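Peer 1: kindly generate the corresponding structure for this input.
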Amino acid sequence: MALLGFLGKDKKENLNKGLEKTKESVFHKLSRAVAGKTKVDDAVLDNLEEVLVSSDVGVATTLNIIERIEARVAKDKYLNTTELNGILKEEIVALLNKNQNDSDTDFTAPLKNTPYVIMVVGVNGAGKTTTIAKLAYQYKAAGKRVIIGAADTFRAAAIDQLQVWADRVGVPIVKQQMGSDPASVAFDTLKSAVSGGTDVVIIDTAGRLHNKINLMTELSKIKRVMEKVIPDAPHEVLLVLDGSTGQNAFEQAKQFTAATDVTAMAITKLDGTAKGGVVIGISDQFKIPVKYIGIGEKLEDLIIFNRFEFVDSLFNSK
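Peer 2: Sure thing, here's the model as predicted:
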């Protein structure tokens, strides 16, 4: 498990604390799965399969992990149950390795484009607004100039909430009246960003329209309009998912990846749930990198996801 220490001591402790409920649940189930067993045999693997599925890793990803461990058992002939945690960590990291991009090390890293445009999508209630605020806070703390665009014009509450957060973080916001054209808000935000020398643009979008076709059309329109100001915008389409909903997060991911070209995911509310395994399943099934995870309510509690640190926190019994 090389590369630990990526987060620094304080953030690693926060990650450990944020995943505590998931970790306790997983270890309770794991201890029952191997009770009375010394060797990783078919019975242990069957029990392990049940542990992973019940921890919201998802059936398809669980079977993938079990197949990897079966291959290890076949190769090594004898594996004892005390080695199981280490094997699990290694195989899950290897699984996540296929879908993660480790080039984004932290918020202070140089931006690939300036202004760097992030379009944020996700259902209402998933933590989209607070994720935008946390992103703005983290980028601002790293010395970047940030602007927010309130392009979810279908709910007055969305605009009002974003204004409150923008004021709290101390970054400008571009908004219009409820019912305004979302693409117009996005256009104005990007024009302001270009003229003002802004580094990072974060565009909110509607979490739900009348039907999925309307949502797809609206998101496509926003992207087309943004391209008129900045040809390759948005540079990132960030899907925010509520980790505490477990398998429902898979359905949300399915709907939004069908509606637009999602390039990264943020999984929120992991501190209040035992369903942290959903991060593994979603990354594996959708082949889209999990870029951020939310592990608390404070502005600092959105951290850049690192598979080594995450799996170490999840399966480290010490």
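Peer 1: can you read off the pLDDT for residue 278?
Peer 2: Looking at residue 278, its pLDDT reads 88.
Peer 1: my bad, residue 235
Peer 2: 96.
Peer 1: next: residue 189.
Peer 2: At residue 189, pLDDT is 98.
Peer 1: neighbours of the closest residue to it other than its chain neighbours, just the number please.
Peer 2: Once flanking residues are discounted, residue 189 sits nearest to residue 149: 3.2 Å by Cβ to Cβ, 6 or more residues apart in numbering. From N, CA and C alone the C-beta is placed, and that goes for glycine too. Using other Cβ atoms under 10 Å, residue 149 is surrounded by 31 other residues.
Peer 1: sec struct for residue 149, please.
Peer 2: Here residue 149 is strand, with the state taken from DSSP: H, G, I helix; E, B strand; the rest coil.
Peer 1: quick one: contacts for it?
Peer 2: 173-175, 185-186, 188-190, 201-204 (Cβ atoms under 8 Å, 6 or more residues apart in numbering).
Peer 1: separation between it and residue 204?
Peer 2: Noted for residue 149: a distance of 7 Å to residue 204, by Cβ to Cβ, to the nearest Å.
Peer 1: can you check residue 134 too?
Peer 2: 13 Å.
Peer 1: show me which of the two is the more surrounded one.
Peer 2: Relative neighbour count places residue 204 above the other of residue 134 and residue 204, with 29 against 25, counting by other Cβ under 10 Å.
Peer 1: what's around the nearest residue to the more buried one once chain neighbours are set aside, how many residues?
Peer 2: Sequence neighbours aside, residue 152 is the residue nearest to residue 204 in space, at 4.8 Å (criterion: Cβ to Cβ, 6+ apart). Residue 152 has 27 neighbours, counted by other Cβ under 10 Å.
Peer 1: same thing with residue 108?
Peer 2: Neighbours of residue 108 using other Cβ under 10 Å come to 11.
Peer 1: so what's it up against?
Peer 2: 142-143.
Peer 1: go ahead and confirm residue 122 touches residue 240.
Peer 2: Yes. Using Cβ atoms under 8 Å as the test, residue 122 is close enough to residue 240 to be in contact (3.6 Å).
Peer 1: before we move on, which element is residue 184 in?
Peer 2: helix 182-196 (DSSP states H and E).
Peer 1: buried sites along stretch 163-175?
Peer 2: The neighbour-count check on stretch 163-175 (16 or more other Cβ atoms under 10 Å) flags 165-166, 169, 171-175 as buried.
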